[in-house]
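S.K.: I need the structure of the sequence given here:
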Amino acid sequence: MSRTLRLARVLLSVQYAYMLEYRAEIALWALSGLLPLIMLALWSGAAAAADLSLSPAELTRYFLAAFVVRQFTVVWVIHIFEEDALQGRLSPYLLQPLHPFWRYLASHIAEQATRVPFVLAIVLAVWLLGAGASGWPPPSTWLLGLLVTHLAFLLRFLLQSVITMACFWSERAAALDRLLLIPYLFLSGLVAPLEAFPPGLRRLAAATPFPSMVDFPARLLSGGEVDLLGGLATMAAWIALLLPLYLLLWRAGLRRYAAMGA
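M.R.: Below is the predicted model:
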């Protein structure tokens, strides 16, 4: 256990130092994730909020929470893995005793840590503008919401990792992730709370993992009514499905992998 903790600490510290070299670019990435706040401006009219049965303050809290969730659930493993596989950098990773995806996971966590100051600044700016930020839930709800947000990140990381395994069969597997972007945007709750959708579309969204990636943690973080046990059970079910599928595809992909140094 101590060796594992020491390895995790070293890996995270190295990746964090590496990400700090790109903090200006990461600031731009954080700003590029303003879609929930843009949607807040579109939905903040009194008539629009009434259609959702949400007060202006509740609507603001939801989209502000969705912005926070979005910032800490960004996943880009398919793009870096595709580049590593094509350029042969994956080969030396496979010779090391550490599974390559622990390295990619550490990179994501380190990148999230560098986002924190920018996210806090944006959230503070919205709060100071007084855009319905009153009535925030207690700190215990925030902590639970942040915990669920990290579970949502793990779920999205696993989903993209499954798609990433297509890199063993195709040199342009990252295009598959772009195809998933549209259903992710509309079915996750980023562009609108799921309450705004027709019943049939809500049932369709519930059959996908996307609401667990944004809507559920955002409603929890904003103090909305949620089925906590049901939401956690749904996330656990998707993780239990995706993890063995990823491991199966990983083993099958390694048998096909051929690159410089392999």
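S.K.: Next up, the contacts around Ser212.
M.R.: Counting by CB atoms under 8 Å, 6 or more residues apart in numbering, Ser212 makes contact with Ala152, Leu155, Gly231, Thr234, Met235, Trp238. C-beta coordinates here come from the backbone N, C-alpha and C atoms, glycine included.
S.K.: which ones are touching the fourth one?
M.R.: Neighbouring residues of Thr234 by CB under 8 Å, 6+ apart: Ser212, Phe216.
S.K.: Give me the three-state assignment for it.
M.R.: Thr234 falls in the helix class when you classify it by DSSP: H, G, I helix; E, B strand; the rest coil.
S.K.: Next one: it relative to Thr208, how far apart?
M.R.: Thr234 sits 10 Å away from Thr208, taking CB to CB, to the nearest Å as the criterion.
S.K.: So what would you say the end-to-end distance of stretch 201-217 is?
M.R.: 20 Å (CA to CA, to the nearest Å).
S.K.: in that stretch, what counts as buried?
M.R.: Buried residues in stretch 201-217, counting neighbours by 16 or more other CB atoms under 10 Å, are found at Ala205, Thr208, Pro209, Phe210, Pro211, Ser212, Met213, Val214, Asp215, Phe216, Pro217.
S.K.: correct me, but the fifth one touches Tyr184?
M.R.: No. Taking CB atoms under 8 Å as the contact criterion, Pro211 and Tyr184 are not neighbours in contact, 10.4 Å apart.
S.K.: Leu105 and Arg156 touch, don't they?
M.R.: No. At 11.9 Å, Leu105 does not count as touching Arg156 under the criterion of CB under 8 Å.
S.K.: Which residue of these two possesses the greater neighbour count?
M.R.: Arg156 (24 against 20; other CB atoms under 10 Å).
S.K.: I'd like to know which elements the host helix or strand of the more buried one is packed against.
M.R.: Element membership for Arg156 (DSSP states H and E) is helix 139-164. The contact analysis (3 or more CB pairs under 8 Å, 6 or more residues apart in numbering; DSSP states H and E) places helix 139-164 against helix 56-71, helix 77-87, helix 100-128, helix 174-187, helix 210-213, helix 215-221, helix 228-256.
S.K.: Distance to Thr164 added to those helices, as TSV?
M.R.: Formatted as TSV, those follow (distance: least, CB to CB, whole Å):
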stretch	distance to Thr164
helix 56-71	20
helix 77-87	4
helix 100-128	9
helix 174-187	8
helix 210-213	17
helix 215-221	23
helix 228-256	9
